[in-house]
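Engineer: Mind looking at a prediction? Sequence and model below.
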Amino acid sequence: MERRRRCFGQRRRRWPYVGCNSAGRVTRLHLASTNITGPIPDAIGGLSSLARLDLSNNTITGTFPTALYRCRSLRYLDLSYNYIEGELLDGIGRGLGENLSLSHNRFNGVIPASLSRLRNLQSLWLDINCFVGTIPVELGDLKSLKQLRLSDNPFDSGASFKNLTNLVDLRAENCSLVGDFPSYVVRMSKLGAYRLGKHSSFLTVIGVINNELTGAIPEGLCAKGQLSFLIASSNRFSCSIPASLANCVCLKALYLDNNRLSGEVPDALWTAGRLIEAVGLQNNRLRGSLPTMMPDRLRTLDIGNNQFVGRIPTVAVSLEDFSAENNQFSGEIPANLADGMPLLHTLNLANNKLSGRIVKLLCRG
């Protein structure tokens, strides 16, 4: 036994991808980004003590290696960023432990409901594949789950995640989700990232890009003042922007473009958000005006194709991209606009009621 330990110690110094226990049995294989090609061999099922397997970012092909079901100690499995295809069989609900990542592959078919039998599962990444059908409601039984990623799969419809009270990261962008924005999200106190894209005790990231969500954006998303990113582009949200977003003193990015929003944009949104860096509200039916002086950190402002009125701002010291075409801004374009917006390199004010000329602004190197 002592001899075997010494031999393994020498081997480990030459090839650091393997970890073993005191008995010399393999417990860890870390082979990420090592140019592995072809299918995973069945012989891997003979590693009875294997607890951690990372084969991510290779060129692995074939189907899901069912030989892994024999690895009864397996707790962490990462097969992401490969070319594995085919359907996941019902047997995947046995023999796997706490973390399962199959992101960025070519899996298809439906997500098997048997995954719900992995009651100790804490991380489940299935994003960027070709899964279809309905997200199984049984996933709501995974009470230990902290991370769930389902983005970029052509599902037919979504499911409720309200029972997953330990979630800190939920992502389901580009999944053809329909219906109103889930109000239970506001009550999930541990959720730090909700992308239906930093872990925190409060909600900090909301991303629901490119779904078919309808209804109003709920009040209370920023009840704790910790929301940093609200990204809800390309849905069917209606009604107005919640006035409570003015409480988001940590807000850095707000993207509500390509929806059906209407009504007044709260004035406090421009004055309360001192950390705001990017705002995208284009292609809605929003009204309102802009302050003379924009937030100091604002770099991108796109409000084109709305119904904004009044004068355009004269001071935006960090602004680089400003698009406000097809609105109802009026008055004269400030002659010193270049001085108030020294970093600006993209400007679109077409189809407004403005007068005057833009001097010097676009002539800088």
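Structural biologist: Nice, thanks for sending it over. Numbering: from 1, shown residues only.
Engineer: what are the ranges of the strands in the stretch 51-200 of the chain?
Structural biologist: With strands called from DSSP state E, counting those that start in this stretch, the stretch 51-200 of the chain shows them at 52-54, 59-60, 76-78, 85-87, 99-101, 106-110, 123-125, 130-132, 147-149, 169-171, 178-180, 193-195.
Engineer: Select, out of these, the one closest to residue 261.
Structural biologist: strand 178-180 (14.5 Å; Cβ to Cβ). All C-beta atoms are positioned from the backbone trio N, CA, C, and that covers glycine.
Engineer: quick one on the thing from earlier: out of the strands of the stretch 51-200 of the chain, which comes closest to residue 218?
Structural biologist: Nearest of the strands of the stretch 51-200 of the chain (Cβ to Cβ): strand 178-180, 8.5 Å.
Engineer: related to what we said a few turns ago, include mean pLDDT and distance to residue 341 when you put the strands of the stretch 51-200 of the chain into TSV, please.
Structural biologist: Shown next, in TSV, are the strands of the stretch 51-200 of the chain (pLDDT from 0 to 100; distance: least, Cβ to Cβ, whole Å):
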stretch	mean pLDDT	distance to residue 341
strand 52-54	95	48
strand 59-60	96	48
strand 76-78	95	46
strand 85-87	94	51
strand 99-101	94	44
strand 106-110	93	47
strand 123-125	93	42
strand 130-132	91	45
strand 147-149	87	39
strand 169-171	77	35
strand 178-180	62	39
strand 193-195	52	32
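Engineer: pLDDT weak spots in the stretch 101-250 of the chain?
Structural biologist: 157-160, 176-203, 223-225 (pLDDT under 70).
Engineer: hmm, back to that, the strands of the stretch 51-200 of the chain: which one's closest to residue 327?
Structural biologist: strand 178-180 (28.9 Å).
Engineer: Kindly present the strands of the stretch 51-200 of the chain as a markdown table, with separate columns for mean neighbour count and distance to residue 287.
Structural biologist: Formatted as a markdown table, these follow (neighbours: other Cβ atoms under 10 Å; distance: least, Cβ to Cβ, whole Å):
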| stretch | mean neighbour count | distance to residue 287 |
| --- | --- | --- |
| strand 52-54 | 20 | 52 |
| strand 59-60 | 16 | 53 |
| strand 76-78 | 21 | 49 |
| strand 85-87 | 14 | 50 |
| strand 99-101 | 21 | 45 |
| strand 106-110 | 16 | 45 |
| strand 123-125 | 20 | 41 |
| strand 130-132 | 16 | 41 |
| strand 147-149 | 22 | 37 |
| strand 169-171 | 23 | 33 |
| strand 178-180 | 13 | 24 |
| strand 193-195 | 23 | 28 |
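Engineer: what residues are up against residue 163?
Structural biologist: 140-141, 143 (Cβ atoms under 8 Å, 6 or more residues apart in numbering).
Engineer: can you rerun that using 10 Å?
Structural biologist: 137, 139-143, 145, 184 (Cβ atoms under 10 Å, 6 or more residues apart in numbering).
Engineer: try residue 40
Structural biologist: Applying Cβ under 10 Å, 6+ apart, the residues near residue 40 are 53, 55, 58, 60-68, 79, 82, 84.
Engineer: hmm, back to that, closest to residue 131 among the contacts of residue 163?
Structural biologist: Distances from residue 131 to the contacts of residue 163, taken by Cβ to Cβ, are shortest for residue 139, at 12.2 Å.
Engineer: Any idea how many residues pack against the closest one?
Structural biologist: Residues near residue 139, counting by other Cβ atoms under 10 Å, number 22.
Engineer: how about it, what does it touch?
Structural biologist: So residue 139 contacts 111, 113, 115-116, 121, 124, 126, 145, 148, 150, 159-161, 163-164 (Cβ under 10 Å, 6+ apart).
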